[in-house]
Every structure is written in structure tokens, then in C-alpha cells.
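Visitor: I would like the atomic coordinates for the input below:
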Amino acid sequence: MKSLNTMHYETLAVAGTAPGERLAHFTAGDEVKAKEIVAGIITDLGFAPVDTGPLHSGGILQQPGGPLFNRPLTEAQALAWISH
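Guide: Residues are numbered from 1 along each chain as shown. Here you go, the predicted model:
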């Protein structure tokens, strides 16, 4: 399971309570139940969980230097990016 480590800590500290559309927080993993639990935590923190797929391929997207690392996207922007 990979999540909650792609957003800069300063954004993480304030964006979950900011007005407007929620920012996406990405998850990647191979266990459905684990993804559900983490998605609930992300939602409770005020973010929108966005699944990037299995741990290997989805996790690579979130690595430092990857296309989703430290890239604040709204839920709609993230879903559009994932679906392209």
C-alpha cells in the first residue's frame, strides 16, 4: 500500500480544511480492503482519495520525480489525469 506521501507537508497541513474543491490524495495497492481503509482516512482528513492502481504501476506514479509527486490536483483534475 502506498499513500499519504506524495504531498508536501505544508500543503497537507492546510489543504484538507481549505474551502473549495478537495485536493486529491493518491493511493496504490494490491489489497482492496487496505485501499478502502486508507481511502476512509484520506476522506476523514478532508482530501479526495484517488486510486492509481496496483502497487507496482500506481506506486511508480507517486514516487519522487514521478508525474503525481507533490502535484496538487483537485479530485476532478486527478481523475482526468488518471483516465487519459
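
Visitor: helices and strands of this protein: which one bottoms out on pLDDT?
Guide: Lowest on mean pLDDT, DSSP states H and E among the helices and strands of the chain sits helix 9-15, with a mean of 89.

Visitor: how far away from the center of its chain is whichever helix or strand comes after that one?
Guide: Downstream of helix 9-15, the first helix or strand assigned by DSSP states H and E is strand 24-28. Its chain's C-alpha centre and that of strand 24-28 lie 2 Å apart, by CA atoms, centre = their mean, to the nearest Å.

Visitor: not counting strand 24-28 itself, show me its contacts.
Guide: Residues outside strand 24-28 that contact it (CB atoms under 8 Å, 6 or more residues apart in numbering): 1-4, 6-7, 35, 38-39, 42, 45, 47-55, 57-59, 61-62, 68, 73-75, 77-79. To be clear about C-beta, it is placed using only N, CA and C from the backbone, and glycine gets the same treatment.

Visitor: report the buried residues of the least confident helix or strand of the chain.
Guide: Across helix 9-15, burial judged by 16 or more other CB atoms under 10 Å covers 12, 15.

Visitor: can I get that helix as CSV, trimmed to CA atoms?
Guide: Extracted in CSV, the C-alpha atoms of helix 9-15 (Å, rounded to 0.1, in the frame of the first residue of the first chain):
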residue,chain,number,x,y,z
TYR,A,9,3.8,18.7,4.3
GLU,A,10,2.9,22.4,4.2
THR,A,11,0.1,21.7,1.7
LEU,A,12,-1.0,18.6,3.7
ALA,A,13,-1.3,20.7,6.9
VAL,A,14,-3.8,23.2,5.5
ALA,A,15,-5.4,21.9,2.3
